[in-house]
Structure formats: C-alpha cells, structure tokens
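> just coords:
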C-alpha cells in the first residue's frame, strides 16, 4: 500500500492584480525560502482580474510546479475577495498572506512560522521602517493608533498584507469589503492570540501601487463596521434603539421647554425659538426612525438565525480554478 503524502504544513496565499513583472521573482523567493525550511508547502496565487498577462504567467508556473495552485477571479473583485478565495483553497496547517508587489521579503517567512509554532494564532508583519511620503506616514500611524485603542488589539500595523494564521482559526471568518486588514480584530474577539514581528519592506521597483492615500480612507469605515458587528450583530436594537431614545428624549425636552415658554411666559415660539422648534421636531422624528430601524434589524437577525442552513452565495465563490492543474 503506497504511503500517504505528508500533510502540508504551510500555505502561502498571494493575491495579485496586474503584477506580471513581479510574479517570477516572488515565486522564486517563496520557493527557495520554504524549500530551505524543509517542510511540505504550497503556494496559492489568486489573479484578481488582471489585464497584463499575469494569469498566463501563473498558468505556466503551475504547469511545472505541482505545489502551486492558481485561482482566477472572474473580474476585479478586490483584495478581500481574493484573500477569501485563497483561504478557502488553502490546505496547510499554517496560512501566510503576502502582497504580490515584491515589497514583502519571502526570507521573513520563517520568523512568522516560528511564532506560530510558539503557540500564537495570528502573527502580523510590522512595517516599522516604511518608505512613504510624510503625509501618508502620518495618516498610517494615526490610523493604526486609533485602531489599536478602539479594538484592544495591541499591534502597530493593521494595514500590512504580510500576516500568518492558523488555518482552523480563519475558516468561517467574514472577509469582504476591505476587512482583510482587520482579520486580527475579528479573530481577537474570539480569544485568538496575536503578536507581530518586524519585517523588511522593499520600495516598489515594478508596477504601480494600488493603494494611494485616498484609497486608504475607507479603513475607518471598515473599522466602524467591525466595531458594530462585534458588539451589536445579534442585538442591533440595542444600538439603534439607544440612539433613537436619546434623540427622541432631547427632542421632547426641547418641545416641553417650548410649551412652557408659550403657556407661562407668552413667548412667540416661531419668532424667538424657531430654530429650537425645528431641531426638536427633527430629533423626535429621527428618534422614532432609529427605533423603527432597530426593530427591522432585529427581525432580520431573527430570520437569519432561523435560516442558518440557507446562506446566500458570497463573493468568495466567484472564482474558478484553472483547468488541468494537478492537485
């Protein structure tokens, strides 16, 4: 009876979008590093709808190296969808994500694996020496400081794509939008242990950066979304209802003051307190709407929990594996 193959220890997941010039040196670097580690590994490249021939080059690499798996998104769905597809295809006990622009040095991979072997669930790469303009550097430091204080995850770099995970931890995590940057937060709330290691960051020598300063602003929206999901996903009425009650109470207090002023002091409400009257009316209406919105959200949550077996298709399903690839 033939011996069963040794289980894969490490999967490296690399999402790519128009990185043709970087693919071959990145592949060579990952292969040499993991061959030096001496444990079974695989590399999963995800082509996120590239238009520069990246998919053809990846196909060629997969045809000569059975340790390489190539996934192709039907169109450019974004990094989160690509990472989610890579996670779904990964078979290794440890999963490492890297960017495809050669700014991450594959030689740092063993340091991530050492931390995972020590017992950590997630290891984040810390770009402590970054090659950026002053304004962008200030923005990144401010965003990371706010994220650390708000979420309780004590790391310096949330936005970096060089991270390592235990595969059993990331299965089932919701990854959409740009939430791949906040996976440590989602996992931390499930009692995962998180640490970070300094990494080498090489200035981009090929291709064009996809993450200009303006594209980093949605990070704060994702942070708010994660904060809300973690605290109020199963009880949305607590969030909307609290805000609605506060708004309505402020509106009613303003209205009571207007009534007292009119009845006891004969004040002309329209002439002397017109803005307060408008503000009170708006606050009351807004409060009622927020409470109603919370009730509707509660109904949606109840229906969700009653239909656990009927999940809609998610964007991570929108990819196809290249035909003819040896598994």
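Right, received. Where do you want to start? Computed from a prediction, not measured in an experiment: that's the story for all the values here.
> for the stretch 201-327 of the chain, what are the low-confidence residue spans?
Confidence mapping of the stretch 201-327 of the chain against pLDDT under 70 gives the ranges 203-220, 222-223, 225-227, 229-231, 233-234, 269, 301-327.
> That one: strands as residue ranges?
319-321 (DSSP state E, counting those that start in this stretch).
> which residues in it form helices?
In the stretch 201-327 of the chain, the helices defined using DSSP state H, counting those that start in this stretch lie at 213-216, 218-232, 236-265, 269-272, 274-306.
> Dump these to TSV, plus distance to residue 107 and mean neighbour count.
The way it works is simple: take the backbone N, C-alpha and C, and place the C-beta from them, glycine included. Output for the helices of the stretch 201-327 of the chain, formatted as TSV (distance: least, C-beta to C-beta, whole Å; neighbours: other C-beta atoms under 10 Å):
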stretch	distance to residue 107	mean neighbour count
helix 213-216	27	12
helix 218-232	28	15
helix 236-265	46	15
helix 269-272	73	11
helix 274-306	45	15
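> I'd like those helices laid out as a markdown table, including distance to residue 49.
Below are the helices of the stretch 201-327 of the chain laid out as a markdown table (distance: least, C-beta to C-beta, whole Å):
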| stretch | distance to residue 49 |
| --- | --- |
| helix 213-216 | 17 |
| helix 218-232 | 19 |
| helix 236-265 | 34 |
| helix 269-272 | 59 |
| helix 274-306 | 30 |
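> Quick check: which of these is nearest to residue 168?
Closest approach to residue 168 among the helices of the stretch 201-327 of the chain (C-beta to C-beta): helix 218-232, 20.3 Å.
> Stretch 43-62: end-to-end distance?
Counting by C-alpha to C-alpha, to the nearest Å, you get 10 Å between the two ends of stretch 43-62.
> Okay, buried residues for it please.
For stretch 43-62, burial by neighbour count (16 or more other C-beta atoms under 10 Å) applies to 43-50, 54-55, 57-59, 61-62.
> So what touches that stretch?
Residues from elsewhere that reach stretch 43-62 (C-beta atoms under 8 Å, 6 or more residues apart in numbering): 11-20, 23-24, 27, 30-31, 67-79, 81-83, 85-86, 89-90, 100, 319, 322, 325.
> Report the contact partners of residue 148.
154-156, 158.
> Do you know the pLDDT at it?
The model reports residue 148 with a pLDDT of 79.
> Which of the helices of the stretch 201-327 of the chain sits closest to residue 106?
When those are compared by C-beta to C-beta, helix 213-216 sits nearest residue 106, at 25.0 Å.
> Residue 200 contacts residue 105, correct?
Yes: if you go by C-beta atoms under 8 Å, residue 200 and residue 105 touch, sitting 4.3 Å apart.
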